[in-house]
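Asks: need a structure here:
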Amino acid sequence: MILVKGLKMLHFHYSTLIDAPVEVVWKFHERSDILQILTPPWQPVQIIRRQGGLEIEAISEFIIWLGPIPVKWVAVHTEYEKYRLFTDEQKEGPMASWTHRHQFSEENGQTRLTDAIAFSLPGDKLAESFLGWWVDSRLNDMFKYRHDVTKRECERGVGSEGVGE
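Replies: Modelled structure (predicted):
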């Protein structure tokens with residue numbers, strides 16, 4: 001357990017081996033329409049703004065729906081190492097804190113894609129005990145979808161120009 005400003009940090013981790021070089025998987029994530037491509041069909045998201053690509057200070061702003069309630073989410077990229085990682089942090093949104101690191105590593109000519117998230121829920125320990133399992137379950141469903149799409153598109157695109165385009 002990690003405490004940040006008195007908040008207990010929860011952790012989520014999802015990793016997939018993709019049969020494509022790191023450069024192919026990275027370039028797939030650089031696409032201007034990547035948020036639309038990686039958003040599961042059951043998760044209504046309205047993208048308001050995306051600027052700056054993957055680099056530090058890039059911004060993604062969108063509305064997610066928690067049931068009938070629209071919630072604004074603004075994420076700013078705080079870390080960037082081309083072909084290795086980028087990190088975004090929630091600056092406005094439903095979580096008390098949220099840091100999402102996207103990691104790309106080479107394994108025998110393939111790419112290990114890993115999403116690692118450290119987050120804390122709003123409210124107290126009671127909110128965490130009621131919502132923690134639910135958030136983890138939703139993240140697992142979402143990242144399974146995202147990784148499946150990434151794997152399919154990048155493996156299909158190996159050896160051709162314009163992965164997934």
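
Asks: what's the first helix or strand after the helix or strand of the chain with the lowest mean pLDDT?
Replies: Least confident element among the helices and strands of the chain, by mean pLDDT, DSSP states H and E: strand 2-4 (a mean of 41). Downstream of strand 2-4, the next assigned helix or strand under DSSP states H and E is strand 7-18.

Asks: got the buried residues for that next one?
Replies: Residues of strand 7-18 classed as buried: Leu7, Leu10, Phe12, Tyr14, Thr16, Ile18 (neighbour count, 16 or more other Cβ atoms under 10 Å). Using the backbone N, CA and C atoms, a C-beta is placed for each residue, glycine as well.

Asks: again, but for stretch 73-91
Replies: Within stretch 73-91, judged by 16+ other Cβ under 10 Å, the buried ones are Trp73, Val74, Ala75, Val76, His77, Tyr80, Leu85, Phe86, Thr87, Asp88, Glu89, Gln90.

Asks: one more: stretch 131-140?
Replies: Gly132, Val135, Leu139.

Asks: what does that stretch rub up against?
Replies: Defining contact as Cβ atoms under 8 Å, 6 or more residues apart in numbering, one finds that stretch 131-140 is touched by Leu10, Phe12, Tyr14, Ile117, Phe119, Leu121, Gly123.

Asks: quick check: the second one vs Ile117, distance?
Replies: Taken as Cβ to Cβ, to the nearest Å, the spacing of Phe12 relative to Ile117 amounts to 4 Å.

Asks: before we move on, what about the first one?
Replies: In this structure, Leu10 and Ile117 are separated by 8 Å, where distance is defined by Cβ to Cβ.

Asks: pretty sure Ser60 contacts Asp88?
Replies: Yes. Counting by Cβ atoms under 8 Å, Asp88 is a contact partner of Ser60 at 6.9 Å.

Asks: which residues do those two both contact?
Replies: Common contact partners of Ser60 and Asp88 (Cβ under 8 Å, 6+ apart): Ala75.

Asks: quick one: average pLDDT of the helix or strand hosting Ser137?
Replies: Element membership of Ser137, judged by DSSP H and E, is helix 125-157. Helix 125-157 shows a mean pLDDT of 88.

Asks: hmm, back to that, distance to Arg156 added to the buried residues of stretch 73-91, as JSON lines?
Replies: Formatted as JSON lines, the buried residues of stretch 73-91 follow (distance: Cβ to Cβ, whole Å):
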{"residue": "Trp73", "distance to Arg156": "30"}
{"residue": "Val74", "distance to Arg156": "33"}
{"residue": "Ala75", "distance to Arg156": "28"}
{"residue": "Val76", "distance to Arg156": "32"}
{"residue": "His77", "distance to Arg156": "27"}
{"residue": "Tyr80", "distance to Arg156": "27"}
{"residue": "Leu85", "distance to Arg156": "24"}
{"residue": "Phe86", "distance to Arg156": "23"}
{"residue": "Thr87", "distance to Arg156": "27"}
{"residue": "Asp88", "distance to Arg156": "26"}
{"residue": "Glu89", "distance to Arg156": "32"}
{"residue": "Gln90", "distance to Arg156": "32"}
